[in-house]
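A.B. asks: here is my input, please return the structure:
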Amino acid sequence: MNLNFSSLLNRVNDSLLASNLSSAPQTAHDTIDKLCDRLDHGMLLDDRRAAVLGLKGMARDWREEVTSRALPSLLSALSRDAPQDESIAKPLLETLSVLCECESIPEEGGKPLPNDPGLKASALILDPQPPRETPPVHTLLHLLAQPAFYVRFYTLQLLGLLLSSRPAQVQALVLSAPNGVAVLMEMLGERDMVRNEALLLLLNLVSSNASASAELQKIAAFEGAFDRLFDIVEQEGGIEGGIVVQDCLSAVQGLLQYNVSNQNFFREMGSLRRLPPLLLYPPPSASASPAADDFAVQYWNEQKVVNAALVLAIVRMLAGPSSTPAGAGGSAILSAGLTQCLCEMALASNAPSVLKAQALNTLSSILALSAPNQALLSSLILRPIASLPEGGFARLPPRPAVLALIALAIDGDKALRGVKELALRAAALAAFEAFVGGNLDAKMGIVKTMTAPPEVGPGVDDEEPPQSAGSLLLSGLSDLPSPSGPSDPYRPFFAALLLAHLLRSSEQTKALARAIPFFPPSPSASSSPPEQEDEEEEEVSLLQGVVGNLMLAAREEAEVGARVRAGDRGEEEEGVGVRDWARISVGYLVVLCTWMWESPGTVREVLGESSNLSVLIQPIKAYAGVDPLVSGLAAFALGICYHFCREPGVITRAILHPILHTNIGADQFVSRMARLREDARFKAVTPDTFELHGEVPASPEGGVVVGGDLWLDWAFVEFYKGNYFLIQRAILSDPDQEAGGPGAAENAENNALIASLRETVRNQSAELEDLQNKLGQMARAHEEETTTLANELHSLSAQTKALSAQLGEARAKEADAQKEQEDLLVLLEELSAKRRRDKARMREAGMADVSEDEEEDGEGSEEE
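C.D. replies: Now for the predicted structure:
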């Protein structure tokens with residue numbers, strides 16, 4: 001036996017020596033295969049853990065080899081061993097994360113290349129071959145239920161890598177997993193590192209445009225995502241927090257985006273009330289008073305601006321499109337105090353211009369067709385702040401919010417320059433458009449206040465004169481820039497656009513504005529005696545004043561252009577240039593086009609002066625030195641004059657027709673309008689041109705949007721596009737035919753019929769107003785009579801109650817008296833019976849003194 005053992009030992013040593021002498025260096029493939037074999041067939045957990053650690057060490061240098069040869073074994077270990085033991089789960093997750101990492105290419109927009117090894121590994125994990133009973137993503141979601149910190153952390157990281165590679169596939173798998181979204185929601189309440197990874201995963205999960213994104217958004221919302229995210233924001237310090245707050249607000253935005261169900265759920269759950277405190281705005285209970293100083297004056301760093309911008313974006317998303325804010329969206333925002341919060345931020349705070357512009361653009365969405373929010377802005381009084389020379393801020397006197405909004409659009413912010421100021425003024429213009437849109441009372445109220453601003457006495461030079469919204473608007477319209485010296489060419493331009501919004505789609509405001517006198521500033525007026533002023537100056541209507549200023553702007557544009565071409569003035573010279581005067585002309589032409597549209601009375605007044613017609617004809621006929629926008633708008637305005645010239649006047653359609661077709665020419669007319677439509681400045685105008693961080697898109701040479709330029713607003717561009725072909729067809733029509741018939745007689749008859757119908761409408765309107773007044777009087781009388789009857793009824797009710805009480809007392813007394821009477825009768829009967837018995841005994845006793853009367857009385861009583 002010893003011999004056999006010795007021979008066996010010798011054979012083993014010989015085989016080991018031969019193996020060592022003949023073995024060659026192992027390749028990476030061999031090593032990976034051996035580690036996979038140990039991982040698949042190892043009986044001990046320690047052996048399988050050692051195999052995973054070996055594969056982890058080779059994963060970075062041999063990614064493709066490990067992916068192609070070891071990934072099935074790793075996925076098997078993930079489903080078999082990871083739920084049972086933390087020590088093997090952690091290296092497994094780390095190894096899979098290394099395999100799924102992608103190298104982003106900046107030149108490709110941060111996206112990985114199509115042949116990146118990380119994309120291949122992600123595809124094999126999400127779609128393993130052969131298919132597994134439990135998808136790996138479901139296994140990963142199950143691992144999140146383990147208490148181990150690192151298992152949760154690396155699981156969330158791996159899910160994030162898979163989501164970035166194949167978002168649609170991961171969303172579908174998370175959606176099909178039992179309690180998949182609920183588990184992610186639970187992770188938002190964990191420690192910071194796990195919470196932050198879960199937050200990033202949720203943000204990317206709900207922000208994708210995949211088909212499953214909407215369902216995930218709904219499930220996350222009903223799992224309490226909004227409350228959890230806002231709790232994290234509050235824990236991190238609100239908008240003053242860091243990147244975590246930004247991620248939370250971005251996740252809220254992702255949950256609401258393109259999801260009407262979640263938006264309604266957000267409103268119904270009252271989550272809107274959590275937004276104003278994030279901006280440090282006082283609660284809605286104090287909404288009637290001006291905002292506290294800690295809201296008006298804040299320190300704004302870059303991260304805080306980003307966070308506040310996300311809050312405003314959420315509010316705007318909840319306001320909904322312009323057709324719906326009058327419903328639940330606008331009412332909920334109003335009750336949450338957000339409307340006043342945005343007004344205070346935009347018009348009475350030290351917030352950066354980017355935030356002010358975004359707040360005004362958000363207000364535009366809230367105010368559009370929302371009567372309650374428009375009413376709040378009409379009645380709101382603000383206390384703006386101003387920066388002090390020595391530093392700090394001070395409150396200014398109270399000012400109506402509408403006046404502050406108009407002042408911001410017309411005068412801008414003196415502390416800003418360039419694109420930022422222009423974006424802020426454009427946002428104020430958009431908010432004003434939303435405020436007066438469909439709000440006839442507001443339009444009429446502002447137009448009625450368009451009077452000359454009050455003069456300031458010599459002793460109060462430093463005080464700002466009191467102004468109304470209308471007087472400020474009129475001042476901006478009449479204030480042409482000085483050719484020499486500093487001036488603001490945008491002032492009359494924005495004033496013109498504001499007036500156009502007041503006049504749009506309202507014949508009442510157009511008629512009221514035609515009766516307003518125009519008061520152009522005249523520096524030399526103070527030096528002339530009052531009597532001479534009355535003789536020299538005649539009252540000019542606002543409409544004629546706009547046409548007159550258009551004439552002056554065109555003349556200044558031509559003179560400055562001539563000097564530039566002659567070399568007397570370089571383009572770099574400071575002052576009002578050709579483009580500035582052209583912009584002012586564009587503003588006045590926008591007002592004229594809006595004012596004359598569907599307003600024959602306005603057209604008749606414009607054509608009442610022959611010089612007004614030449615103001616429109618001259619830019620159309622000019623071949624050089626006129627801006628294409630000016631010539632195109634002049635052609636459009638002249639076409640409107642021709643189309644709506646329906647009332648008798650100095651210049652009729654019959655006079656205009658040869659001017660259009662002979663003096664100008666239909667081809668020239670159409671060419672001017674077409675060139676305007678093809679102009680790069682016209683094409684560059686969109687509904688959100690100035691909303692993205694105050695930036696405007698650059699245009700080709702001559703596009704004039706470079707550096708932040710504004711020539712038209714979206715409302716007029718949309719109006720022009722909608723009526724472009726109508727005006728083109730109108731100028732080609734016969735004047736008599738357009739007027740309503742083939743001949744002049746029929747035309748006159750139709751005009752008379754139209755006038756008669758208008759008179760009938762006016763009479764009926766007056767009668768209706770009279771009936772409404774009578775109805776109001778009857779309603780008041782009925783209300784007074786109802787009040788009187790109610791008082792009488794109350795008095796009678798009180799009397800009835802008193803009489804009922806007296807009747808009850810009387811009945812009680814009567815019952816007591818009747819009972820007492822019955823008792824007396826019973827007593828009398830008993831006495832009478834006793835008396836008879838006594839007499840009978842006396843007679844029996846032989847007493848002779850019993851009288852007969854007494855007996856008779858006794859008998860009578862007995863008979864009775």
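A.B. asks: could you give the average pLDDT over stretch 142-150?
C.D. replies: The average pLDDT within stretch 142-150 is 88.
A.B. asks: list the buried residues of that stretch.
C.D. replies: Within stretch 142-150, the residues that qualify as buried by neighbour count (16 or more other Cβ atoms under 10 Å) are 142-144, 146. Any C-beta I mention is one placed from the backbone N, CA and C, and that applies to glycine too.
A.B. asks: top helix in this protein by residue count?
C.D. replies: Determined from DSSP state H, the single longest helix within the chain is helix 744-844.
A.B. asks: roughly how far out does stretch 423-431 sit from the chain middle?
C.D. replies: Taking Cα atoms, centre = their mean, to the nearest Å, one finds the center of stretch 423-431 at 14 Å from the center of the full chain.
A.B. asks: stretch 66-80 now?
C.D. replies: That offset, for stretch 66-80, works out to 50 Å (Cα atoms, centre = their mean).
A.B. asks: let me see the mean pLDDT of it.
C.D. replies: 85.
A.B. asks: go through that stretch and flag the buried ones.
C.D. replies: Buried residues in stretch 66-80 (16+ other Cβ under 10 Å): 66-75, 77-79.
A.B. asks: of the residues you listed, which pair is most distant in space?
C.D. replies: 68 and 79 (19.8 Å; Cβ to Cβ).
A.B. asks: residue contacts, the nearest residue to residue 512 once chain neighbours are set aside?
C.D. replies: Of all residues not flanking residue 512 in the chain, residue 447 sits nearest, at 5.1 Å (Cβ to Cβ, 6 or more residues apart in numbering). When contacts are counted by Cβ atoms under 8 Å, 6 or more residues apart in numbering, residue 447 touches 470, 502, 509, 512-513, 516.
A.B. asks: where in the stretch 751-864 of the chain is pLDDT low?
C.D. replies: Scanning the stretch 751-864 of the chain for pLDDT under 70 picks out the ranges 751-753, 755, 848-864.
A.B. asks: oh, that last question was meant for the stretch 151-300 of the chain, not what I typed.
C.D. replies: 209-211, 284-292.
A.B. asks: and the residue nearest to residue 649 when sequence neighbours are not counted, how many neighbours?
C.D. replies: In this structure, residue 649 finds its nearest non-sequential neighbour in residue 604, 4.3 Å apart by Cβ to Cβ, 6+ apart. By other Cβ atoms under 10 Å, 20 other residues sit near residue 604.
A.B. asks: my read: residue 604 touches residue 645, true?
C.D. replies: Yes: with contact defined as Cβ atoms under 8 Å, residue 604 reaches residue 645; the gap is 7.4 Å.
A.B. asks: which residues sit against stretch 402-420?
C.D. replies: Outside stretch 402-420, the residues within contact range by Cβ under 8 Å, 6+ apart are 346-348, 353-354, 357, 377-378, 382, 384, 387, 421, 424-425, 428-429, 431-432, 435, 442, 446, 467-469, 472-473, 475-476, 488, 490-491, 494-495, 498, 694-696, 707-708.
A.B. asks: now swap in stretch 716-726 and tell me
C.D. replies: By Cβ under 8 Å, 6+ apart, stretch 716-726 touches 497, 500, 504, 590, 593-594, 597, 636, 643, 673, 676-677, 682, 685.
A.B. asks: which of these fall in helices?
C.D. replies: Among those, the members falling in helices are 497, 500, 590, 593-594, 636, 643, 673, 676-677, 682 (criterion: DSSP H).
A.B. asks: okay, stretch 471-491 in PDB with CA atoms only?
C.D. replies: Provided in PDB are the C-alpha atoms of stretch 471-491 (Å, rounded to 0.1, in the frame of the first residue of the first chain):
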ATOM      1  CA  SER A 471     -51.400 110.600 -20.900                       C
ATOM      2  CA  LEU A 472     -48.200 108.600 -20.700                       C
ATOM      3  CA  LEU A 473     -49.200 106.800 -23.900                       C
ATOM      4  CA  LEU A 474     -50.000 110.100 -25.600                       C
ATOM      5  CA  SER A 475     -46.700 111.500 -24.500                       C
ATOM      6  CA  GLY A 476     -44.800 108.600 -26.000                       C
ATOM      7  CA  LEU A 477     -46.700 108.900 -29.300                       C
ATOM      8  CA  SER A 478     -45.900 112.600 -29.700                       C
ATOM      9  CA  ASP A 479     -42.300 112.500 -28.500                       C
ATOM     10  CA  LEU A 480     -40.200 112.200 -31.600                       C
ATOM     11  CA  PRO A 481     -36.500 111.900 -30.900                       C
ATOM     12  CA  SER A 482     -34.200 114.900 -31.300                       C
ATOM     13  CA  PRO A 483     -32.000 114.700 -34.300                       C
ATOM     14  CA  SER A 484     -29.100 115.800 -32.200                       C
ATOM     15  CA  GLY A 485     -28.400 114.600 -28.700                       C
ATOM     16  CA  PRO A 486     -29.300 111.500 -26.800                       C
ATOM     17  CA  SER A 487     -32.800 110.200 -27.300                       C
ATOM     18  CA  ASP A 488     -34.800 106.900 -27.300                       C
ATOM     19  CA  PRO A 489     -36.100 106.100 -30.800                       C
ATOM     20  CA  TYR A 490     -37.900 103.100 -29.300                       C
ATOM     21  CA  ARG A 491     -40.200 105.400 -27.200                       C
END
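A.B. asks: using PDB, list the CA coordinates for stretch 588-603.
C.D. replies: What follows is stretch 588-603, C-alpha atoms only, in PDB (Å, rounded to 0.1, in the frame of the first residue of the first chain):
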ATOM      1  CA  TYR A 588     -47.000 104.800 -36.900                       C
ATOM      2  CA  LEU A 589     -47.900 102.700 -40.000                       C
ATOM      3  CA  VAL A 590     -48.900  99.800 -37.800                       C
ATOM      4  CA  VAL A 591     -51.200 102.100 -35.800                       C
ATOM      5  CA  LEU A 592     -52.800 103.400 -39.100                       C
ATOM      6  CA  CYS A 593     -53.300 100.000 -40.500                       C
ATOM      7  CA  THR A 594     -54.900  98.700 -37.300                       C
ATOM      8  CA  TRP A 595     -57.000 101.900 -36.900                       C
ATOM      9  CA  MET A 596     -58.400 101.900 -40.400                       C
ATOM     10  CA  TRP A 597     -59.200  98.200 -40.600                       C
ATOM     11  CA  GLU A 598     -63.000  97.700 -40.700                       C
ATOM     12  CA  SER A 599     -63.400 101.400 -39.800                       C
ATOM     13  CA  PRO A 600     -64.800 103.400 -42.700                       C
ATOM     14  CA  GLY A 601     -65.100 106.500 -40.400                       C
ATOM     15  CA  THR A 602     -61.400 106.400 -39.800                       C
ATOM     16  CA  VAL A 603     -60.600 106.000 -43.500                       C
END
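A.B. asks: next, the buried residues of it.
C.D. replies: For stretch 588-603, the neighbour count (16+ other Cβ under 10 Å) marks 588-597, 599-603 as buried.
A.B. asks: among those residues, which two are most distant?
C.D. replies: It's 588 and 600 that sit farthest apart of the buried residues of stretch 588-603, by Cβ to Cβ, at 20.7 Å.
A.B. asks: could you check the pLDDT of the residue nearest the centre of the chain?
C.D. replies: With distances taken as Cα atoms, centre = their mean, residue 316 lies nearest the centre of the chain, 3.0 Å away. pLDDT, residue 316: 90.
A.B. asks: quick one: it is in a helix?
C.D. replies: Yes: assessed with DSSP: H, G, I helix; E, B strand; the rest coil, residue 316 lies in a helix.
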